[in-house]
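Engineer: just coords:
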């Protein structure tokens, strides 16, 4: 009964939204459009001088597919700053919960309040967090069958349509320098999105794309995943014996291929059991040196989550985010609705993504983007064993060779404050690799200061600081 | 003039010491002997309930060679606790300055005061820190020519003589369970000392040796040193290209061999230059993820030093220790003297150690110790690139195979508190390997809590905690 009421209400809300979008589409008063989605104040939020917006963009009116966004303007002089689209991976995890509220957004939830992140990326840019694809977080379809078989192509197209329509709400950002950043499976989303944007631009020059940055990205399935064995071994997570098995008998890419085809061989089953046993569920594979949030581990959370400690970082921030974003007053302040689901989740449990898309090689796409003159940065939090730095570095190096790009900045450290922020290498002044020292899979979460330095250099098209 | 006065004074002190030792050697009132060396109160020290002693043991009266020790009894019930000898490496670095005051001793210097280390190893044992060999720290010879050509054999013999004579001062410890622990180049000192102790025991059963523990030890020159290339590469410190050169053109063991023979080939020179450039002086090779003490780096310190940060750890602790131990009131409280040198140093600049001893394979010695029934633990702080965990693990694994010891505890995590303390594997219940997660070359410095858990399990002969 309660469920039915819920659905009815969701339908009513969706209808209202549809009418709203239909009504406003042709209206020229764009500022009215965006001002309706202004976030006046998030519950528990400290006072800030910049503007925030949140709401929906319907990408498919027939099927009522709507994407939720959260947009934070730059702290100072937003008109002079670029626009940055941020995408988390998964596939199926939220840019709002992970990116905005745990990584590089202006606030982090802590109990009932929000605390300021002094290394928020909106110090350098206007940042647009998009919950993508449909079915993630507050993004929804009223027809739940559309959650099935969502794939890279659909995601890229929806994200492009989203941006096109979002520019109707925020016309002042139309010709602004645009960067796309994100991490993990966004290594698939971003290059594919960038490529169809470039294709679109041939017809009508809409997207002023200036660069893409990919953090710990999935770029080439076998290299990325198989570098995990080496990483585990060299960081002490598996024994010599298991390392041998994991590189000869059954490697990780084979296991994943078998897994997604529902055909795990007895051999791979045994090897993965051994690996899983040795690496232990009490070690965060997304950050191997630092601590885990015990409550999350015990809950067997499968969510792509930042779990690590320093004195300023809350390893249980994921739990905090889930609690915060499920508050009705917070959802109201964000103009967000739960449609067809009871709770906001960090990673979707309704989305049925085409996981075999994982095997699409993205490196050629990245190559084409570079050939089109768009700078690409691949960066890697060096404590991540899921998409290890070694695989990413090898892939970038190999791509540079293929494109015949010479090293323009040799492998060297870069600085953040008076400490080494990581290592970097640049090829042909257009393709860059950088590690973030001491950083997790979600680099801006665990190393916010270093990540901000990296982000700033990326936007400015400058080499990372060579000294201090 | 001042220098001459200094030397005269040093001679007078040495003479006084000689007389003291001669006088007391035959005296049966041992408690009087040790009570003379009781440390009543170290300057700036908080109140504690345990006793401390410090002073000299002359190991060679003819040449006036005296070793300095600092002994802290167990916090609670010292009579029931074992005796542990701690040795730092180098060769030439101080167990007082590094071991006692930065790693596992009861206090750490902070400005003008000493603060308690709540994970001090004297919670579990009576710990004896020895400044060895002669020429290190407060240990001295009045004949400076004896600092030349000091080698592993001399060190082992001196350390054994030291212990024999120390038992005269502390007869209550004569039959106590004895463990020897230490790190780095102590991977050479300890097994060789243990072996001559076992030989000595055949004549007169003096040393009740129950086990040895070696932290990030030099055990087999080529394996240990060459694992550095892999570690650098997998942790992001060198590029793919340099990794190739560093494993094919000139590896680290070859470079070191050439270096110590004063015959560096142009090829190795080029490769090492590249490695040095990429790894950067601003990254602490003894702990690659955490920060460096900028003042030490800028001073081009060559000292084997703990440099890393967590909220409770002072990355500049080495500077603090040097300042503290050079205070006259501190030296007086410790019954220590500077003989032939102007300052106490973390690592000796008067000792001229036979560095080719580095190439002596120690693994066979460890094998013989195990065959004699003495448990051996090799542990490894996993953030150390100097003697990486991968080399140590391979060596232990190989030794187990040679000795035909079967795995008694398979490779698995162990716990400290509610977090993973590291990984462990045990062979034949006598040979153990363990990593300490997030720990530097000096594991008890950077991970004091985890190291204490490891130490306790080692003393108790129990497996490391399997759960929490």
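Structural biologist: Ah, there it is. All of these numbers come straight from a predicted model, not from anything done at the bench. Residues are numbered from 1 along each chain as shown, chains lettered A, B, ... in the order given.
Engineer: Tell me if I'm right that residue A:282 and residue B:421 touch.
Structural biologist: No - using Cβ atoms under 8 Å, residue A:282 is not in contact with residue B:421, being 10.2 Å away. C-beta here means a position set from N, CA and C on the backbone, and glycine is covered the same way.
Engineer: tell me, what's touching these two both at once?
Structural biologist: Common neighbours of residue A:282 and residue B:421 are listed as B:413, B:415 (criterion: Cβ atoms under 8 Å, 6 or more residues apart in numbering or on different chains).
Engineer: The stretch 101-250 of chain A against chain B: which residues are in contact?
Structural biologist: Contact residues, the stretch 101-250 of chain A versus chain B (Cβ under 8 Å from any Cβ of the partner chain): A:230, A:231, A:233, A:234, A:235, A:236, A:237, A:238, A:239, A:240, A:241, A:242.
Engineer: what's the spacing between residue A:37 and residue A:168?
Structural biologist: The spacing between residue A:37 and residue A:168, counted by Cβ to Cβ, to the nearest Å, is 12 Å.
Engineer: what do you get for residue A:323?
Structural biologist: For residue A:323 relative to residue A:168 (Cβ to Cβ), the value is 34 Å.
Engineer: the more surrounded of the two?
Structural biologist: A direct count of neighbours by other Cβ atoms under 10 Å in any protein chain shown for residue A:323 and residue A:168 places residue A:168 higher, at 17 against 14.
Engineer: For my notes, confirm that one occurs in a helix.
Structural biologist: Yes - under DSSP: H, G, I helix; E, B strand; the rest coil, residue A:168 sits within a helix.
Engineer: From what I see, it and residue A:33 are in contact.
Structural biologist: Yes - counting by Cβ under 8 Å, residue A:168 does reach residue A:33; the two are 6.8 Å apart.
Engineer: sorry, back to before: which members of the residues of the stretch 101-250 of chain A next to chain B are classed as buried?
Structural biologist: Neighbour-count burial (16 or more other Cβ atoms under 10 Å in any protein chain shown) applied to those gives A:230, A:231, A:233, A:234, A:235, A:236, A:237, A:238, A:239, A:242.
Engineer: which among those gets closest to residue A:184?
Structural biologist: Nearest to residue A:184 among these is residue A:231, at 15.4 Å by Cβ to Cβ.
Engineer: Other residues contacting stretch A:159-167?
Structural biologist: With Cβ under 8 Å, 6+ apart as the criterion, stretch A:159-167 contacts A:57-60, A:67, A:69, A:85, A:87, A:128, A:130, A:132-133, A:173-174, A:189, A:193, A:196-197, A:200, A:206-207.
Engineer: Narrow those residues to those that are buried.
Structural biologist: Those of the contacts of stretch A:159-167 that meet the buried threshold are A:57-60, A:67, A:69, A:85, A:87, A:128, A:130, A:132-133, A:173-174, A:189, A:193, A:197, A:206-207, by 16+ other Cβ under 10 Å.
Engineer: Do you have the strands of the stretch 251-400 of chain A handy? List them.
Structural biologist: Along the stretch 251-400 of chain A, counting by DSSP state E, counting those that start in this stretch, strands occupy A:352-353, A:376-381.
Engineer: need the ones you listed in CSV with distance to residue A:390, can you?
Structural biologist: Converted to CSV, the strands of the stretch 251-400 of chain A look like this (distance: least, Cβ to Cβ, whole Å):
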stretch, distance to residue A:390
strand A:352-353, 27
strand A:376-381, 9
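Engineer: Which one of the residues in the stretch 1-150 of chain A is closest to chain B?
Structural biologist: At 16.7 Å from chain B, residue A:119 is the closest residue in the stretch 1-150 of chain A, using Cβ to the nearest Cβ.
Engineer: Could you check the pLDDT of that residue?
Structural biologist: We note a pLDDT of 97 for residue A:119 in this prediction.
Engineer: same question, residue A:5
Structural biologist: What the model reports for residue A:5 is a pLDDT of 39.
Engineer: just the one 5 residues further on next, same as before
Structural biologist: Turning to residue A:10, the model gives it a pLDDT of 39.
Engineer: swap in residue A:292?
Structural biologist: For residue A:292, pLDDT reads 81.
Engineer: I'd guessed it sits against residue A:284; true?
Structural biologist: Yes - counting by Cβ under 8 Å, residue A:292 touches residue A:284, with 4.8 Å between them.
Engineer: Just give me the residue closest to the centre of chain A.
Structural biologist: Nearest residue to the geometric centre of chain A (Cα atoms, centre = their mean): residue A:88, 1.6 Å.
Engineer: Run through the residues that contact it.
Structural biologist: Counting by Cβ under 8 Å, 6+ apart, residue A:88 touches A:94, A:95, A:98, A:99, A:182, A:183, A:184, A:186, A:304.
Engineer: So which of these are in helices?
Structural biologist: residue A:186 (DSSP state H).
Engineer: In strands, which of the contacts of stretch A:159-167 fall?
Structural biologist: Under the assignment DSSP state E, the contacts of stretch A:159-167 contribute A:57, A:58, A:59, A:60, A:67, A:69, A:85, A:87, A:128, A:130 to strands.
Engineer: do you know how far the last one is from residue B:400?
Structural biologist: The reference is to residue A:130. 53 Å.
Engineer: and if you look at the first one?
Structural biologist: Per Cβ to Cβ, residue A:57 is found 62 Å from residue B:400.
Engineer: Nearest spatial neighbour of residue A:98, chain-adjacent residues omitted?
Structural biologist: Leaving aside its sequence neighbours, residue A:98 sits nearest to residue A:88 (Cβ to Cβ, 6 or more residues apart in numbering or on different chains; 4.6 Å).
Engineer: actually residue A:407, not the one I wrote
Structural biologist: Sequence neighbours aside, residue A:427 is the residue nearest to residue A:407 in space, at 5.8 Å (criterion: Cβ to Cβ, 6+ apart).
Engineer: Please work out how many residues are found near that neighbour.
Structural biologist: Neighbour tally, residue A:427, other Cβ under 10 Å: 22.
Engineer: Quick check: beta-bridge partners of it?
Structural biologist: Counting by DSSP bridges, residue A:427 forms beta bridges with residue A:407, residue A:431.
Engineer: Do I have it right that residue A:237 meets residue A:385?
Structural biologist: Yes - here residue A:237 reaches residue A:385: they are 6.8 Å apart, a contact under Cβ under 8 Å.
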